[in-house]
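Peer 1: test case, fold it:
(2 chains)
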Amino acid sequence: MQYADTLMLDDVSIDPAALDRFCLEVRPRAMRMALIETAGNAHLAADFVQDSLTKLVASYRNKSAQEWAPLFYSILRNRITDWHRRKKIEKIFDFFFAGDDDDEGASAAWESLADPAPGPDSQVGNLQLAGRIADAVSRLSARQRETFLLREMEGLSIADTALAMHVSEGSVKTHHLRALTRLRELLQSDNPFTGGTSS
Amino acid sequence: MNTNTTITAADIDRLRAGLLDAEQARRVQNAVQSSATLAEQAQFGERVAAGLVPLPQLAARRMARKPVRRLRWPRVMAAGLVAASLATFTILALPLLSSHSTTPMQPILNAQTADAVQNIDFYEWLASHPQALQDTRHVNPA
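Peer 2: Numbering: from 1, shown residues only, chains lettered A, B, ... in the order given. The predicted model follows:
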């Protein structure tokens, strides 16, 4: 009998270990998404992911395991959207601060960060490719980017993606198609089927 | 979607996005399963997403390069000077503006007062003779 490891909340049996596993598995993928949305601010991205996981565990642990992913990404999206709004207001005061222009210049190109990398050529190649992909994904519209990452990276279903983004399923399909089409254009040189090189 | 037998990347993307009906989806799926090239094309999105795995390493380098955010004191001082000038101008200009606004009333009051002082005897006599005041009104109704 393993009832000791099982919580009974709102008529749904919850295995705490399953929630722990979910948190561990989703963290690196969520971190990548948060990094793209925060233009590479690792501290901020880690904070957003940690806060979202804490909120999920505190408020939604009694939900079924299938609902955790859309709920978690919905929380993460809200955090990031709030941050973007705050940043717009803070931008008014950027006139009084030095270094902002350099900061924006650096955040514009992920690929440039891979250039001076010491180490094996394959590692440099992977970093450069990751940089090019991140730059391409950053150039998508916010909705297209979220849809693409949730569908292709997280592997959420259309219904779960719609739930996480608070949009209709039709909207998810349209944004997904546009994101794929745009990424094929932007990453043409890396696509072996369009004359580029595979990595 | 293409109606001929050629399946393009756009058809595969529509399949991935869930925009094909059942018949079209089955046809594209069959084509993808029978062709290694199309199968590779169908994995485009997943491969792109997988390519983002080293992103935290790049982010760490970005954080290391990030310049320190510091105040631009000349701009702060300039803004302070502008604010102080505006405040000084307002403080100095307000009394002047308010005194200008009362100036047109002053001559009228002075004229009435001067008339009353010069003819005080007449007005005292008029106050003690109300009949004279009535006569004056009959002569000059205005």
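
Peer 1: low-scoring stretches of the chain, by residue?
Peer 2: Just going to use chain A. A:1-14, A:98-108, A:115-125, A:191-199 (pLDDT under 70).

Peer 1: sorry, should have said chain B
Peer 2: Using pLDDT under 70, chain B drops low at B:1-5, B:64-68, B:100-109, B:136-142.

Peer 1: spell out which parts of it neighbour chain A.
Peer 2: By CB under 8 Å from any CB of the partner chain, the residues of chain B that approach chain A are B:9-10, B:13-14, B:16-19, B:37, B:40-41, B:44-46, B:48-49, B:51-63, B:65-72, B:75-76, B:79. Any C-beta I mention is one placed from the backbone N, CA and C, and that applies to glycine too.

Peer 1: mind listing the helices for chain B?
Peer 2: Secondary structure of chain B, counting by DSSP state H: helices at B:9-17, B:22-34, B:36-42, B:44-50, B:55-65, B:73-102, B:105-118, B:120-128, B:130-139.

Peer 1: next one: chain A
Peer 2: Under DSSP H, chain A gives helices at A:16-37, A:42-60, A:65-90, A:100-108, A:121-138, A:142-148, A:158-165, A:169-186.

Peer 1: tell me which of these lies nearest to B:Ala116.
Peer 2: Distance to B:Ala116, taken as CB to CB, is lowest for helix A:65-90 among these, at 63.7 Å.

Peer 1: just checking, what packs against that closest one?
Peer 2: helix A:16-37, helix A:42-60, helix A:158-165 (3 or more CB pairs under 8 Å, 6 or more residues apart in numbering or on different chains; DSSP states H and E).

Peer 1: highest average neighbour count across those helices?
Peer 2: Mean neighbour count (mean count of other CB atoms under 10 Å in any protein chain shown) peaks for helix A:158-165 among the helices and strands packed on helix A:65-90, with a mean of 20.

Peer 1: what's in contact with it?
Peer 2: Applying CB atoms under 8 Å, 6 or more residues apart in numbering or on different chains, the set of residues contacting helix A:158-165 from outside is A:69-71, A:73-74, A:77, A:143, A:146-147, A:150-151, A:156, A:168-169, A:171-173, B:18.

Peer 1: that one: how far from the chain's middle?
Peer 2: 14 Å (CA atoms, centre = their mean, to the nearest Å).

Peer 1: quick one, it and helix A:169-186 angle?
Peer 2: 90 degrees (axes from the mean of the first three to the mean of the last three CA atoms, to 10 degrees).

Peer 1: buried among the contacts of helix A:158-165? Make that a PyMOL selection.
Peer 2: Per 16 or more other CB atoms under 10 Å in any protein chain shown, the buried members of the contacts of helix A:158-165 correspond to this PyMOL selection:
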select buried, (chain A and resi 69+70+71+73+74+77+143+146+147+150+151+156+172+173) or (chain B and resi 18)
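
Peer 1: who are the contact partners of the closest residue to A:Leu44 other than its chain neighbours?
Peer 2: Of all residues not flanking A:Leu44 in the chain, A:Thr38 sits nearest, at 4.8 Å (CB to CB, 6 or more residues apart in numbering or on different chains). A:Thr38 is in contact with A:Leu44, A:Ala45, A:Phe48, A:Ile80, A:Trp83, counting by CB under 8 Å, 6+ apart.

Peer 1: so how far is stretch A:21-37 off the chain centroid?
Peer 2: 7 Å.

Peer 1: next: stretch A:151-159.
Peer 2: 12 Å.

Peer 1: ok, stretch A:62-75 next?
Peer 2: 15 Å.

Peer 1: now the helices and strands packed on helix A:65-90 as TSV including distance to B:Ile120?
Peer 2: Shown next, in TSV, are those (distance: least, CB to CB, whole Å):
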stretch	distance to B:Ile120
helix A:16-37	87
helix A:42-60	85
helix A:158-165	89
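
Peer 1: out of those, which is closest to A:Arg184?
Peer 2: helix A:16-37 (18.4 Å).

Peer 1: quick one: the closest one near chain B?
Peer 2: Yes - residues of helix A:16-37 contacting chain B under CB under 8 Å from any CB: A:Pro28, A:Met31, A:Arg32, A:Leu35, A:Ile36.

Peer 1: all set, thanks.
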